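1. need coordinates for the below:
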Amino acid sequence: MTMVDSHVLGPAVVEAVDIHHHYGDGPQRVDVLFDINMQVREGEIVIVTGPSGSGKTTLLTILGTMRRPSEGKLNLLGADTAGVVGPALDALRNRIRFLFQKRNLLSSLTALQNVIAGVSTTPLADPAWDERRARYLLGLLGLADKADSWPDELSGGQQQRVAIARVMIGLPDLIIADEPTSALDRVAGRIVVDQLRDLAMRAKCAVVLSTHDERIFDVASRRLHIEDGRCFEVPIHYH
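-> All right, here's what the predicted structure looks like:
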């Protein structure tokens, strides 16, 4: 079992300080997150667990700047997100990749083209390199023979692996993943999380990953558990 060595971790990519979040106001106000304090550093994979409705997805969307917290401070990649707007916010988001349960592949593009789409609109775009890298990633995930297939010709698990290759191709600074192995069998799920771990360690990428799958806990540096909107660190039990 290969664990992330805390001595090789880089600076903080994510710093959340006293994050609170609620929906609505007045009598309709619903508080969902309370006093969230967490840090995720370069090269680190942090697993977030908790029951349905505990606030996991809300936290992930805040960390990914998809919504702003109601209270508290969020620093991402050294920037206080409260003061980041317009083109600067777009540039920050370009360094983050999301991997959610809904794979959101474009039905009009092949598997290969969907992967390339993960980097084609960024300053890193290089058509020849992008295609080579996309084919390499598809091969790494067991999909070399599916490069020219359309999404509706792929199983749910194969579509998820295409989505993961699309995330990986851009070499992001932060990956936020919500149940990335939920549609995968044991072998495919292991391939996926091992590649996420490799990306974290080699490219100094930070990964925040929510899951109920105890079989993949061994990839994590730490585990944070959310219950009733409150977050605390718990030991990882390997299976």
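2. and the helix or strand bottoming out on mean pLDDT in the chain, what does it pack onto?
-> The weakest-scoring helix or strand in the chain, judged by mean pLDDT, DSSP states H and E, is helix 186-203 (a mean of 83). For helix 186-203, the elements it packs on are strand 45-49, helix 156-169, strand 174-178, strand 206-210, judged by 3 or more Cβ pairs under 8 Å, 6 or more residues apart in numbering; DSSP states H and E. Quick note: C-beta positions are derived from backbone N, CA and C, even for glycine.
3. apply 7 Å and report the result again.
-> The contact analysis (3 or more Cβ pairs under 7 Å, 6 or more residues apart in numbering; DSSP states H and E) places helix 186-203 against strand 45-49, helix 156-169, strand 206-210.
4. list of residues touching the last one?
-> When you say that, I think you mean strand 206-210. Residues from elsewhere that reach strand 206-210 (Cβ atoms under 7 Å, 6 or more residues apart in numbering): 13-14, 40-42, 44-48, 56, 60, 63, 173-180, 196, 200.
5. quick one: buried residues of stretch 44-58?
-> Residues E44, I45, V46, I47, V48, T49, G50, S54, G55, K56, T57, T58 are the ones in stretch 44-58 that count as buried (16 or more other Cβ atoms under 10 Å).
6. typed the wrong thing, it's stretch 200-213
-> Neighbour-count burial for stretch 200-213 [16+ other Cβ under 10 Å]: A200, M201, K204, C205, A206, V207, V208, L209, S210, T211, D213.
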